[in-house]
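Undergrad: predicted coordinates and the sequence they were generated for:
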Amino acid sequence: MNIRGLIFSIILSAILLGCMGFAVPADLAGNLLIGWAFFLARARAVHLNGDGILTAMVCLVLLSVGLDRFLGWLFEQMQTPRDSGPAARWKHSWTAALIVSILLMFISGLASAGIAHQAGWLLSSGQPWTTGGTSIAAERSQSVNNLKQAGLALHNYHEATGSLPPGGAFDQAGRAYHSWQALILSMTEEKALYNQINFDVPWNDGRNRTAIRTQVNMYLNPGQHSGRADGAQPALSHYAGNALVLGGNLPRTFREVSDGQEQTIMAGEVAAGFKPWGNPVNWRDPSQGINRVPEGFGSPFRYGANFLFVDGSVRFLKNSVSPPTMKALATPNGGETVSRDAY
């Protein structure tokens, strides 16, 4: 068989095996080997620290050289005199093998800590592990990522301007102009859409029609199959701001969050009453509870909803969290202390 025939046979066999499902093991192996690379490509909040990498490399080289010298000396001291022949010497390859073993044990320790953390999260989440299969897990994960992207954009906005965006921009006559979700688009991958918006006129002005009708994936919960515009109306958002942090016409600063950024809600998922992402009054009151009223916070996922906190973290809060606790988590400077056991 010539080379062309062999290549054709291999390709045809791969296609047939894939159609019969034999590609699943190969796909699983590929995800285990290089799946982390695709995750890092999507997780834009992850950045490589050049100084840290250089420092680690220098420390690794110094450790290797020092260990090789020390073990060579120690090995020489342990040798017994021989009547004939040269004494055995410590080999550099032995040091290299030892360094690789140390690195593998270090990486294994990190992996074990990660597995323990995820196992603990699964055991304490109060949610079924397999309900709806992997598709629902992927949808929930993407919604968490959407909130994290919004949190990163809000932090970048605060760093650039000195404050968070107001919940909505209004003129002196009280006319609504633009929302916090529109204002942070410049800090995301949607900068081109941000540049299309005319911020000198209201959000629903005819000059903003095309921009406002554009769907923004970051504002769409993949688990929410309703509440999606068809292009003839302003595109909707499946998330809303906390009225006490991203509400009104007042830009707030992190210094005002005296209750602690890790204990103050900034935004969250909503399950009904969706508003356009350009609507300047897209905020809600967390004290109404979770999945209790249509105008409150909630999600299509069972048992609770995901919330973005001021520190940038995203946490799943159960439906059972009481409205008073939600009110305490909503106030940026109410002076309340909320135990983690309460939510």
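TA: That came through fine. Residues are numbered from 1 along each chain as shown.
Undergrad: hey, where'd the strands end up in the stretch 101-250 of the chain?
TA: For the stretch 101-250 of the chain, the strands defined by DSSP state E, counting those that start in this stretch cover 168-170, 176-179, 236-237, 239-242.
Undergrad: which of these comes out lowest on mean pLDDT?
TA: Mean pLDDT is lowest for strand 168-170 among the strands of the stretch 101-250 of the chain, at a mean of 90.
Undergrad: give the other helices and strands that that strand contacts.
TA: strand 176-179 (3 or more CB pairs under 8 Å, 6 or more residues apart in numbering; DSSP states H and E). Heads up, the C-betas are built off the backbone N, CA and C, glycines and all.
Undergrad: the nearest residue to residue 250 once chain neighbours are set aside: how many residues sit nearby?
TA: The shortest distance from residue 250 to any non-neighbouring residue, by CB to CB, 6 or more residues apart in numbering, is to residue 166 (5.8 Å). By the criterion of other CB atoms under 10 Å, residue 166 has 20 neighbours.
Undergrad: over to the one 4 residues further on?
TA: Other residues within reach of residue 170 by the criterion other CB under 10 Å amount to 17.
Undergrad: and for residue 138?
TA: By the measure other CB under 10 Å, the count of residues near residue 138 is 13.
Undergrad: contact partners for it?
TA: residue 222 (CB atoms under 8 Å, 6 or more residues apart in numbering).
Undergrad: distance of it from residue 66?
TA: Look at residue 138 and residue 66: by CB to CB, to the nearest Å, they are 47 Å apart.
Undergrad: same deal with residue 58?
TA: 12 Å.
Undergrad: repeat that for residue 292.
TA: Taking CB to CB as the measure, residue 292 falls 63 Å from residue 66.
Undergrad: with residue 241 instead?
TA: According to CB to CB, residue 241 and residue 66 sit 54 Å apart.
Undergrad: where does the stretch 101-250 of the chain dip in pLDDT?
TA: By pLDDT under 70, the weakly predicted segments of the stretch 101-250 of the chain are 118, 121-135.
Undergrad: how does it look with 90?
TA: Within the stretch 101-250 of the chain, the stretches with pLDDT under 90 are 101-141, 170-175, 223-232, 250.
Undergrad: report how many residues lie close to residue 337.
TA: A total of 10 residues lie near residue 337 under the criterion other CB under 10 Å.
Undergrad: list the residues that contact it.
TA: Going by CB under 8 Å, 6+ apart, residue 337 touches residue 263.
Undergrad: now do it, the pLDDT please.
TA: Looking at residue 337, its pLDDT is 80.
Undergrad: how near is the most centrally placed residue in the chain to residue 339?
TA: Computing the C-alpha centroid of the chain and ranking residues by CA atoms, centre = their mean puts residue 145 first, at 3.8 Å. Distance of residue 145 to residue 339, given as CB to CB: 28 Å.
Undergrad: pretty sure residue 242 contacts residue 283?
TA: Yes: between residue 242 and residue 283 there is a contact at 6.7 Å, judged by CB atoms under 8 Å.
Undergrad: comparing the two, which shows the higher neighbour count?
TA: Using other CB under 10 Å, the more surrounded residue of residue 242 and residue 283 is residue 242, with 27 against 21.
Undergrad: which residues touch the more buried one?
TA: Residues near residue 242 by CB under 8 Å, 6+ apart: 264, 265, 266, 267, 268, 283, 284, 286, 330.
Undergrad: can I get the residues you listed in TSV including distance to residue 104?
TA: Converted to TSV, the contacts of residue 242 look like this (distance: CB to CB, whole Å):
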residue	distance to residue 104
264	41
265	42
266	40
267	41
268	41
283	50
284	49
286	46
330	47
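Undergrad: ok, and what's touching stretch 98-106?
TA: 60, 63, 64, 67, 71.
Undergrad: for stretch 156-172, same thing?
TA: 154, 176-180, 183-184, 186-187, 199, 241, 243, 245-254, 279-283.
Undergrad: just the buried ones from the residues you listed, in PyMOL syntax?
TA: Here is the PyMOL command that selects the buried residues among the contacts of stretch 156-172 (16 or more other CB atoms under 10 Å):
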select buried, resi 154+176+177+178+179+180+183+184+186+187+241+243+245+246+247+248+251+252+254+279+280+281+282+283
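Undergrad: what about the contacts of stretch 156-172, which are in helices?
TA: Residues of those located in helices (DSSP state H): 154, 180, 183.
Undergrad: just the buried ones from the contacts of stretch 98-106, in ChimeraX syntax?
TA: For the buried members of the contacts of stretch 98-106, the matching ChimeraX selection, counting by 16+ other CB under 10 Å, is:
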select :64
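Undergrad: any idea how far the closest residue to residue 142 other than its chain neighbours is from residue 240?
TA: Leaving aside its sequence neighbours, residue 142 sits nearest to residue 222 (CB to CB, 6+ apart; 4.9 Å). From residue 222 over to residue 240 the distance is 17 Å, taken as CB to CB.
Undergrad: check residue 285 too.
TA: Remark: distance between residue 285 and residue 240 (CB to CB) = 10 Å.
Undergrad: which of these two has more residues huddled nearby?
TA: Neighbours per residue (other CB under 10 Å) separate residue 285 from residue 240, with residue 240 holding more: 30 against 19.
Undergrad: which residues touch that one?
TA: Applying CB under 8 Å, 6+ apart, the residues near residue 240 are 267, 268, 270, 275, 282, 283, 284, 297.
Undergrad: cool, thanks, signing off.
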